[in-house]
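Fold the following, please.
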Amino acid sequence: MARNYEVSIEGKVLRIAEEAPKSAAIVGVPVVQLSTVQDLDNVLSDLWSIPGIHGAVLFGPLAEKAWDHLRARYVPVLAAGGAVTDERGRLLAIHRLGRWDLPKGKVDRGESVSTAAVREVQEECGLQEVSIERPCAIPGTPTRVKARTT
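Okay, the predicted model is just below:
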């Protein structure tokens with residue numbers, strides 16, 4: 001079975017896969033065949049800061065080595081947040097660092113992910129009554145929360 005890895009770095013999605021993507025190309029997401037593990041570093045140093053680049057896909061038989069290389073160089077941050085809707089079903093987004101985003105932030109030491117999701121939504125959106133409507137089953141995907149405006 002082909003291995004696929006996906007991680008968000010600075011709000012951009014990096015996908016590392018053994019096989020080339022089968023779907024059509026996406027504007028702003030270059031697809032790079034891995035010739036060496038150094039190709040990963042080149043993508044992150046050369047492409048990541050270019051405006052209009054939203055992520056990248058790296059593929060080839062060195063995918064697992066590239067993933068190990070990435071994990072050795074970066075410390076993962078456990079974060080939580082949510083897709084927040086109000087009582088009328090409208091999605092709430094925040095504007096941060098020049099772009100629209102969902103409210104989220106780091107999980108504090110000793111804090112559960114669900115507690116952190118509620119806390120982050122409250123802090124970033126200024127809401128008081130926030131509860132988890134349905135947690136997400138996929139790691140790295142926001143939890144859906146319901147907010148009540150007061």
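
How about Ser114: what's its closest non-neighbour residue?
Excluding its sequence neighbours, the residue lying closest to Ser114 (Cβ to Cβ, 6 or more residues apart in numbering) is Ile132, at 5.7 Å. Where you see a C-beta, it was placed from the backbone N, CA and C, and this is true even at glycine.

who does the longest helix along the chain touch, helix- and strand-wise?
If you go by DSSP state H, the chain has its longest helix at helix 113-125. Here helix 113-125 touches strand 79-85, strand 104-106, strand 129-134, strand 143-148, going by 3 or more Cβ pairs under 8 Å, 6 or more residues apart in numbering; DSSP states H and E.

show me what contacts Glu124?
By Cβ atoms under 8 Å, 6 or more residues apart in numbering, the contact set of Glu124 is 81, 94, 103-105.

now Val113: how far from Lys106?
Distance, Val113 to Lys106, using Cβ to Cβ, to the nearest Å: 11 Å.

Overlap in contacts, these two.
Residues touching both Val113 and Lys106 (Cβ under 8 Å, 6+ apart): Leu78.

Hmm, Ala116 and the residue nearest to Ser114 touching each other?
No. The criterion here is Cβ atoms under 8 Å, and Ile132 misses it with Ala116 at 11.1 Å.

can you list the helices and strands packed on helix 113-125 in TSV and add distance to Val43?
Formatted as TSV, these follow (distance: least, Cβ to Cβ, whole Å):
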stretch	distance to Val43
strand 79-85	23
strand 104-106	25
strand 129-134	35
strand 143-148	30
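
Fine, thanks again, bye for now.
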